[in-house]
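Asks: Test case, fold it:
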Amino acid sequence: MRRMSHHERERLAKAYTATRYVIRPHPSTGGVEQILRAGALHPALDATLAARGHREWAFLTAWNPGSQWRSEEENRRAQERLEAQLVAGGWVVAPALGQAEDGGWCEPSLFVPGLPREEAARFGRAYGQVAVLVGRASAHAELLFCEEAHAPAP
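Replies: Numbering: from 1, shown residues only. Alright, predicted model coming up:
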């Protein structure tokens, strides 16, 4: 993925922060719809996941790499590959959606209980994503920018 400018990163960070991250009802999340927000706490989800032995999670998609439009067919195929890789790795995957607050766009996504942030960033990079949403019990949900998640320490 090409390196983005500071201005572009800030613009996307603002859009991603304004996104509603919706987990569809699924047994792994208590069978109810959950709505996540970057920078917010999610105590009900934390409690549900803790009861199942999870202390972290990730919200991923393969749609529109680099936040650039791609055809529905290309996006669907990439999403199917991502889901198959996660399932083959032993992860439980719940259906989800990323939705713009103003309704301007919506992307099918996946919620993965227990997926460590490093793995979430690896999947994000593999599918050309600018950022993924990650969380830990009792902590604020965090936008993890994939290009920075693997940068070597100074």
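
Asks: contacts, neighbours, all on C-alpha from now
Replies: Noted.

Asks: who touches the helix or strand hosting residue 83?
Replies: Counting by DSSP states H and E, the element that carries residue 83 is helix 72-88. For helix 72-88, the surrounding residues in contact (CA atoms under 8 Å, 6 or more residues apart in numbering) are 61-64, 92-93, 109-110, 123, 127.

Asks: From the contact count, pick out the helices and strands touching the host helix or strand of residue 15.
Replies: Here residue 15, judged by DSSP H and E, is contained in helix 6-17. With contacts taken as 3 or more CA pairs under 8 Å, 6 or more residues apart in numbering; DSSP states H and E, helix 6-17 sits against strand 142-145.

Asks: neighbouring strands for the strand it packs on, and are they parallel or not?
Replies: Taking DSSP bridges as the criterion, strand 142-145 forms sheet pairs with strand 131-136 (antiparallel).

Asks: tilt between the strand it pairs with and helix 6-17?
Replies: 50 degrees (axes from the mean of the first three to the mean of the last three CA atoms, to 10 degrees).

Asks: How far away from the center of its chain is strand 131-136?
Replies: 6 Å (CA atoms, centre = their mean, to the nearest Å).

Asks: How about residues contacting the helix or strand containing residue 97?
Replies: Using DSSP H and E, residue 97 sits in strand 94-100. Identification of contacts with strand 94-100 by CA under 8 Å, 6+ apart yields 15, 18-26, 28, 105-112.

Asks: Return the members of these classed as buried.
Replies: 19-24, 26, 28, 107-112 (16 or more other CA atoms under 10 Å).

Asks: Geometric centre of this structure: which residue is closest?
Replies: For the chain, residue 59 is the residue whose C-alpha lies nearest the centre (CA atoms, centre = their mean; 2.5 Å).

Asks: Isn't it up against residue 136?
Replies: No. Counting by CA atoms under 8 Å, residue 59 stays clear of residue 136, with 11.9 Å between them.

Asks: rewinding a little: which positions within the helix holding residue 15 qualify as buried?
Replies: For helix 6-17, burial by neighbour count (16+ other CA under 10 Å) applies to 13, 16-17.

Asks: Could you report the separation of residue 99 from residue 75?
Replies: Using CA to CA, to the nearest Å, residue 99 is found at 16 Å from residue 75.

Asks: picking that back up, what's the average pLDDT for the helix holding residue 83?
Replies: Averaged over helix 72-88, pLDDT sits at 97.

Asks: and the angle from it to strand 94-100?
Replies: Orientation of helix 72-88 against strand 94-100 (the same axes, to 10 degrees) gives an angle of 140 degrees.
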